[in-house]
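**Student:** Need a 3D model of the sequence below.
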Amino acid sequence: MGVTFGKVFNSVEQDVVFEVVEATEDENPQEKHWRLDSIPCDNELLSTSGYTESRNTQKSGKRKAFANNGPVATKKRALDPPAMFKAKYRQQEELGPEGFGSVFAGYRKTDNLTVAIKHIPRDKVVLMHKDNNGKQIPMEVAVMLKLAAESERHSAPIDLLDWYDLDQELILVLKRPWPAVDLLFYITAKGGCLEEKEAKIILRQLMDAAIDLQQKHIFHQDIKVENVLIEYHTNGIQVRVTDFGLSCFAKKEDTYQIFMGTHIPPEWHKQREYRAGPSTVYQIGAVLFDMLQNPTFRADMFFLQQRTKWWYSENCNNFLKSCLNKDPEQRLTLQQLRNHLWLR
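**Tutor:** Modelled structure (predicted):
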């Protein structure tokens, strides 16, 4: 999600106006709302005074008789997904484009929790996943649901709070760590490159996140400085991984032919084929390159063709070479890199 989480904005709130449409019995909307918790029953759905109606109505001055004089029964009318979204969240200014969609600032009305609201046009949702019940759901949602179920509360990936699958778009509501900026903004604010010592702190956490994803059989596919979030704490920083729009479930032996990420591994140029592990290692090397060098890493740049700066330590140079080797079989694995001398 990158810079969209950490963009500085003014205090003027900009509301997005939604038209609330009441669903009638004749309508059969295709929109579906999915949440991390169980889908509520009809009598548990959100309702307001504007969405209730009395069964004891009067028409043309005629009153219908009832057997008892107890309280008038009311029927709760379920809100459609756009109205449910509006009832629960307030959307504010746009933070910026991200991947295949746009991201807005916002907050949850019940507790003012800051959130990032990601809008993805439906035709841009390119990867789908079939769940155990045979339902097709967006791959990004499936991956983040798995992460939510199997990760610690304060894990590296950003938390998915809600999602709304509409006719025209997919809306993801994500927890927005604050204060935080993406790694590209962080590097720029530091003058365009980081000291090796600081880069090492960030890379340790990024390596831990990458290994965690691999153990959960998740292939991010687009690790880059824009998709690494630096969250500030009083006792230091926490690295988080964002934007799972190109992610998928992967096994160690799986190979892929279509590459949609940013840092394309050399083997794809040569063989039109790549695997999750070596590609992730290559992308982590590109992130380290961007932290230490002023030029932005490009897909056609290989470390062995670059002039390294004299103040890089020998172990740092070795780490970079191990990540950016043209031959994927010669790159170290994620676990081997985590145990590398440079990260100790």
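
**Student:** Number of residues surrounding the spatially closest residue to P278 that is not a sequence neighbour?
**Tutor:** Distances taken as C-beta to C-beta, 6 or more residues apart in numbering put P328 closest to P278, at 3.6 Å, once the chain neighbours are dropped. C-beta: built from backbone N, CA, C; applies to glycine. Using other C-beta atoms under 10 Å, P328 has 20 other residues around it.

**Student:** Next: A87.
**Tutor:** 15.

**Student:** same check, this time on K130
**Tutor:** 10.

**Student:** now it: how far from P138?
**Tutor:** K130 sits 11 Å away from P138, taking C-beta to C-beta, to the nearest Å as the criterion.

**Student:** do the same with H119
**Tutor:** 13 Å.

**Student:** Now list whatever residues contact both of these two.
**Tutor:** L170 (C-beta atoms under 8 Å, 6 or more residues apart in numbering).

**Student:** in the chain, which spans are helices?
**Tutor:** Per DSSP state H, the chain carries helices over the ranges 3-6, 81-88, 139-150, 183-189, 196-215, 266-271, 276-292, 314-324, 334-338.

**Student:** looking at those, which has the lowest confidence?
**Tutor:** Note on the helices of the chain: helix 3-6 shows the lowest mean pLDDT, a mean of 49.

**Student:** Quick check: the residue nearest to P278 touching E267?
**Tutor:** Yes: at 5.0 Å, P328 counts as touching E267 under the criterion of C-beta atoms under 8 Å.

**Student:** quick one: common contacting residues for these two?
**Tutor:** With C-beta under 8 Å, 6+ apart as the test, P328 and E267 both reach 274, 278.

**Student:** angle of the longest strand anywhere in the chain against helix 81-88?
**Tutor:** In the chain, assigned by DSSP state E, the strand with the most residues is strand 89-98. Inter-element angle recorded for strand 89-98 and helix 81-88: 110 degrees (by axes from the mean of the first three to the mean of the last three C-alpha atoms, to 10 degrees).

**Student:** so what strands line up beside strand 89-98?
**Tutor:** strand 101-108 (antiparallel) (DSSP bridges).

**Student:** Next, work out how far apart the residue nearest to P278 and G261 are.
**Tutor:** Distance from P328 to G261, by C-beta to C-beta: 15 Å.

**Student:** Need the per-residue pLDDT for the nearest residue to Y232 once chain neighbours are set aside.
**Tutor:** Nearest residue to Y232 in three dimensions, chain neighbours excluded: P179, at 4.9 Å (C-beta to C-beta, 6+ apart). Note for P179: predicted pLDDT of 92.

**Student:** What count of nearby residues applies to P179?
**Tutor:** The number of residues packed near P179 is 11, by other C-beta under 10 Å.

**Student:** rewinding a little: indicate which one of the helices of the chain is closest to K224.
**Tutor:** Counting by C-beta to C-beta, K224 lies closest to helix 276-292 out of those; the figure is 6.5 Å.

**Student:** Okay, angle between that closest one and helix 314-324 too, please.
**Tutor:** Using the same axes, to 10 degrees: helix 276-292 against helix 314-324 is 130 degrees.

**Student:** Could you report the distance from W178 to K190?
**Tutor:** 20 Å.

**Student:** Report pLDDT for R63.
**Tutor:** Residue-level pLDDT assigned to R63 equals 44.

**Student:** Okay then, goodbye and thanks.
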